[in-house]
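S.K.: Whatever this is, show me its structure:
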Amino acid sequence: QLQLVESGGGLVQPGGSLRLSCAASGLSLDNYAIGWFRQAPGKEREGVSCISSSGESTDSADSVKGRFTISRDNAKNTVYLQMDNLKPEDTAVYYCAASGVFRICVVPEYDYWGQGTQVTVSS
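M.R.: You can find the predicted model right below:
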């Protein structure tokens, strides 16, 4: 059974940076696409950025393009989300998730989920 654990969240000022990590255990991530999703209070969970199993393809939401970068280190069984120039509207619980296929970065495509890590952007 694939288990995912997110880390790296916290409180940051607008314009600041955070790097989230998604560490996997139980199975190798080599064959899984990984996505980062977020859910703000009162809103639906949305796709932020997803990466194929090889790391060659990515798909990101327009709202984060140019600010967030997804990457993976299969040797470490870990996927990262580098978040720069953070804005208050980025405040949410961030989840990583795994899928056996890489198509589009939407919640129904992903099967295994972590518990989430809180990101708060505030001055």
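S.K.: so the residue positioned nearest the centre of the chain bridges to which residues?
M.R.: Nearest to the mean C-alpha position of the chain, by Cα atoms, centre = their mean, lies residue 36 at 2.2 Å. Counting by DSSP bridges, residue 36 is bridged to residue 49, residue 96.
S.K.: mind checking pLDDT for it?
M.R.: For residue 36, the model assigns a pLDDT of 98.
S.K.: pretty sure it contacts residue 45?
M.R.: No. Residue 36 sits out of contact with residue 45 when judged by Cβ atoms under 8 Å, with a separation of 11.0 Å. Quick note: C-beta positions are derived from backbone N, CA and C, even for glycine.
S.K.: Residues in contact with both of those two, list them for me.
M.R.: residue 95 (Cβ atoms under 8 Å, 6 or more residues apart in numbering).
S.K.: Which residue ranges of the protein form strands?
M.R.: 3-7, 10-12, 18-25, 33-39, 46-51, 58-60, 68-73, 78-83, 92-99, 112-113, 117-121 (DSSP state E).
S.K.: and the ones you listed, which is most packed in?
M.R.: Comparing those by mean neighbour count (mean count of other Cβ atoms under 10 Å), strand 33-39 comes out on top with a mean of 24.
S.K.: for it, packing partners?
M.R.: Packed against strand 33-39, as judged by 3 or more Cβ pairs under 8 Å, 6 or more residues apart in numbering; DSSP states H and E, are the following elements: strand 18-25, strand 46-51, strand 68-73, strand 78-83, strand 92-99.
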